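**Q** okay, here's the prediction I keep looking at, along with the sequence it came from:
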Amino acid sequence: MAYSHTNSKGTTYYLHSNGRMFFFSKEVKDGALDAVPAGYNVVEMKTGMLVLKKVQAEAPAAAPTNTESAG
């Protein structure tokens, strides 16, 4: 079964792949995917359009800085 996602406007879209390109369609077509690829999240734009966005690796925590003044 193809992966489906309903946007905030109530429209259901299905995830597809054409090689390395991912896209959403209102109909199930050739190239439909069963799940979101690893390392990606579904994001809804302001217009209601769905896109896949790569998950950002968390940056290592910065070393704490000493903000105390001598004195």
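**A** Looks like it came in fine.
**Q** now the residue nearest to Ala32 when sequence neighbours are not counted. Its backbone dihedrals?
**A** Spatial nearest neighbour of Ala32, chain neighbours left out: Ala2 (3.7 Å); criterion: Cβ to Cβ, 6 or more residues apart in numbering. Using the backbone N, CA and C atoms, a C-beta is placed for each residue, glycine as well. Main-chain torsions, Ala2, degrees, to the nearest 10: phi -70, psi 150.
**Q** would you confirm that Ala2 contacts Val36?
**A** No. Counting by Cβ atoms under 8 Å, Ala2 sits too far from Val36 to count as a contact (11.5 Å).
**Q** what is in contact with the two at once?
**A** Any residue near both Ala2 and Val36 by Cβ atoms under 8 Å, 6 or more residues apart in numbering counts here, and that gives Leu15.
**Q** before we move on, the earlier item: and the residue nearest to Ala32, what is it in contact with?
**A** Counting by Cβ under 8 Å, 6+ apart, Ala2 touches Tyr14, Leu15, His16, Val28, Ala32, Leu33, Asp34.
**Q** and it, how far is that from Phe24?
**A** Ala2 is 10 Å from Phe24, where distance means Cβ to Cβ, to the nearest Å.
**Q** which neighbours do those two share?
**A** Tyr14, Leu15, His16.
**Q** of those residues, closest to Lys54?
**A** Closest to Lys54 out of these is Leu15 (14.9 Å), distances taken as Cβ to Cβ.
**Q** bridged to the residue nearest the centre of the chain, which residues?
**A** The residue lying closest to the centre of the chain (Cα atoms, centre = their mean) is Asn41, at 2.3 Å. Beta bridges link Asn41 to Lys53, judged by DSSP bridges.
**Q** got a list of what it touches?
**A** Asn41 is in contact with Leu52, Lys53, Val55, counting by Cβ under 8 Å, 6+ apart.
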